[in-house]
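Novice: Fold the following and give me the result.
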Amino acid sequence: MARRRRARRTRGSRSGRLTGRLGAVLVIVALVAWFAFTQLFFDPFEESQPGFDLLVPRDVDVYARRERLDSDFASFPRPRLFDKLALQPEWKSLTATDWWKSLSWPDELSTASDELRGQLDQLPLDVLDMLGTEVVVIGRNVAEGGPWGLLCRLSSTGKLAVESTQFEGVLGGRVEHEHPTVPGAPYFEASFDGQPFFYARDLDLLVASQDEALVQDVLATAHGGQERSVGLSRIVSESMPRGLTSPEDGFDLAFTANLAHLLPASGLLDGSVPDRDLLSDALPKIVDVSHMLDSVGRLQIVDGRVTLRAHADVDVDAVASDTGGLLGRPAFLAKQRLEDVFALLPEDIAATLTLNIDLRRALGVLVDAMDPELRTLVDSTLRDVSRLGSEKIQDAPSLALRLSRIVEDEITIAVRKNYHEVPEGSQPLPSIAIVLRLRDGAGWSQLEDFFLRGHDYLGLSPKRMFQIDEGVGTRKYAELTGLSFGEVAWMVLEDKMLLLSNDNDLLGNMVSVYSLHKPSVAGSRTVTGDRVRALLQSFEPLGGDKAQGNAAGWVDTARLLEILDPYGEYLADLDSQLDFATLREQERAKLVATTYAGELTPQRAKALEAELDAILLQRDAQRQAEVVPQLARAWRESLQWMTLAHQGVFALRLGERGADLHLSVGTVLE
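Specialist: Model (predicted):
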């Protein structure tokens, strides 16, 4: 019995020793495998890089960061937002137009997306799983065609995929380079589709670019250079708008841009944009952005509403030479100002703009931008009128100066559809109202008398001038002939506000709306209605009552399209005008060589001219019946993208040290 017990103990001890040895072998194998994996690929337990804003060098011109790329796509590269947009009737109508079908880029983009999707489907890995979540796009000297770069936060799968490029046959092989200033931070050169590019993986960071220096600079910033990063710059620390509580709540893109480099290249500052007119020439000087330096901002799409909040530094030394009119003017609470404006405007207004502006400078800019022939006509007319009385206003600059002394530096402009018949061939201008706050009521009365005395020079007939006592002021208007608008109307409202319009009915509607509210201009007025509720909703993601500006505006896209619709035929007619002189000579040559060959007697010459007249009339009738409707339809279709938006508001503050932009647009995705 004792021997059997010893035998059992011997078998047990042998089994234990075998298990121990097997465990030791497994541990050794695991250690060797782990060591081999870390040497060949990466350490599974390595740390992560901080936010990519701390890895991007500060001297880039463009920086855009998305923290949760994986929440934007159900299947890369098709965004979730596009899937939702494609279901909307407005999008389906837009893509069904001949204008949309004539564009090449939608088909090219769709083809490229399908090809990329097909290539990704062949991969054993999910591209979103490889790229992880955080993605940053950067660009340096992009205005001069400089390089772009991509930063991705890699998942473990992504790290493995990147490290697999060391094997022959992957990306055609790679060449390793040592960083010139950062020991132990190698980067690699490879080629894709015949184009060389550079890339590096540092922990969970992947940086790639066709520019070697850009990859080197990102690595240098990651290894001890974070004090020179975008994320630790003063403007980002102080002025970057707050992001969403959770990145999955919506699309949230943070960005920076060097406007001092980007704006000059855009052509907006030097007049190189084609087809400019008086307004487009003057606007860059009135809303002067030439002093903008670095900027930061955040673009968000939450529940179908698009919002943009941005801030830019201003070149303080250059502000003293500003010749515009908006820069540095006092700011107002944008929502409150627009509510006050709505208390004066009828419901069918399409858009409104309100400004605190240096009116003297702004009017001076407009005068300087006038067409020389128009300027000569205005100056001549003013000199003729000046001879009729003691008021001496000799030219457009003196009129602008006089007006700037009469009214305050606050102006509001509103437009709506013109309900009146427009003379054939005239520009279909909308009904426009201008609201100014009076500084010198007596001065306005003198200026009004100046123009009324010169009615003959201004094309005004005393028999076609009228006035109506509205109780809160006298509304005056004069009927006009030969212009694209049929009348001019004006009124001083309670001795505080000056109302001007090219539509007497609009002015009458404004008085009616005003009378529904508290009768004091200086007092507060409570305004209700769908428009105000939409306004409150628009400003909510912009900080509500806190958004400030020295310019603010509101637009209803459906009503704005009603204003633009008549321009279809007007512009089509202008763009398709026939060169009658050239066409007549061409047709004359044909007839003289055929029907009217031989001696051209006076009787035959008269018949020739009559036939030429008939040919030209027929050609012009054909143009109006066929070409004009076709061009008008194409023009309207080119505006149909506006149906994707409903209403929008903005607030712009151009200060002497900084500028802020707030924009909120409701879309069909709401």
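Novice: Can you list the low-confidence ranges for the stretch 151-300 of the chain?
Specialist: 165-173, 266-282, 284-285 (pLDDT under 70).
Novice: can you give me the strands in it?
Specialist: Using DSSP state E, counting those that start in this stretch, the strands of the stretch 151-300 of the chain run over 175-177, 187-192, 195-202, 205-209, 251-258, 292-302.
Novice: any idea which of the ones you listed is most buried?
Specialist: For those, the largest average neighbour count (mean count of other C-beta atoms under 10 Å) is found in strand 205-209, namely a mean of 23. Placement of C-beta: from N, CA and C, glycine included.
Novice: Let me have the strands of the stretch 151-300 of the chain in a markdown table, adding distance to E609 as columns.
Specialist: Shown next, in a markdown table, are these (distance: least, C-beta to C-beta, whole Å):
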| stretch | distance to E609 |
| --- | --- |
| strand 175-177 | 80 |
| strand 187-192 | 70 |
| strand 195-202 | 66 |
| strand 205-209 | 70 |
| strand 251-258 | 63 |
| strand 292-302 | 61 |
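Novice: Out of these, which is closest to W99?
Specialist: strand 292-302 (25.4 Å; C-beta to C-beta).
Novice: any idea how far the closest one is from the chain center?
Specialist: Distance, stretch centre to chain centre, for strand 292-302: 12 Å (C-alpha atoms, centre = their mean, to the nearest Å).
Novice: tell me the average confidence for whichever strand or helix holds L338?
Specialist: L338 belongs to helix 334-342 when elements are defined using DSSP states H and E. In this model, helix 334-342 has an average pLDDT of 89.
Novice: tell me which residues in that helix are buried?
Specialist: For helix 334-342, burial by neighbour count (16 or more other C-beta atoms under 10 Å) applies to A334, K335, R337, L338, E339, D340, V341, F342.
Novice: ok, the first one to K546 distance?
Specialist: If I follow you right, that is A334. Counting by C-beta to C-beta, to the nearest Å, the gap from A334 to K546 is 9 Å.
Novice: so where is this structure shaky, pLDDT-wise?
Specialist: Along the chain, segments meeting pLDDT under 70 span 1-45, 122-132, 165-173, 266-282, 284-285, 318-324, 482-483, 517-533, 535-536, 544.
Novice: what residues are up against P50?
Specialist: Neighbouring residues of P50 by C-beta atoms under 8 Å, 6 or more residues apart in numbering: Q226.
Novice: With respect to L500, which of the buried residues of helix 334-342 is nearest?
Specialist: V341 (15.1 Å).
Novice: how about the closest one, what does it touch?
Specialist: Counting by C-beta under 8 Å, 6+ apart, V341 touches T352, T354, T412, A414, V435.
Novice: Would you mind writing the CA trace of the helix or strand containing the second one as PDB?
Specialist: Secondary structure here is read from DSSP H and E; on that basis T354 sits in strand 349-356. As requested, the backbone C-alpha atoms of strand 349-356 are provided in PDB (Å, rounded to 0.1, in the frame of the first residue of the first chain):
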ATOM      1  CA  ILE A 349     -39.700  91.300 -46.900                       C
ATOM      2  CA  ALA A 350     -37.200  89.000 -48.500                       C
ATOM      3  CA  ALA A 351     -34.000  90.300 -46.900                       C
ATOM      4  CA  THR A 352     -32.700  93.000 -44.700                       C
ATOM      5  CA  LEU A 353     -29.300  94.400 -43.800                       C
ATOM      6  CA  THR A 354     -28.600  96.800 -40.900                       C
ATOM      7  CA  LEU A 355     -25.200  98.500 -40.300                       C
ATOM      8  CA  ASN A 356     -23.400 100.800 -37.900                       C
END
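Novice: That one: how far from the chain's middle?
Specialist: Relative to its parent chain, strand 349-356 has a centroid offset of 18 Å by C-alpha atoms, centre = their mean.
Novice: name the helices or strands packed onto it?
Specialist: Counting contacts by 3 or more C-beta pairs under 8 Å, 6 or more residues apart in numbering; DSSP states H and E, strand 349-356 packs against helix 334-342, strand 407-416, strand 551-556, helix 557-564.
Novice: hmm, back to that, how far away from the center of its chain is the helix holding L338?
Specialist: Distance, centroid of helix 334-342 to centroid of chain: 23 Å (C-alpha atoms, centre = their mean).
Novice: and what of stretch 56-75?
Specialist: Mean C-alpha position of stretch 56-75 versus that of the full chain (C-alpha atoms, centre = their mean) differs by 20 Å.
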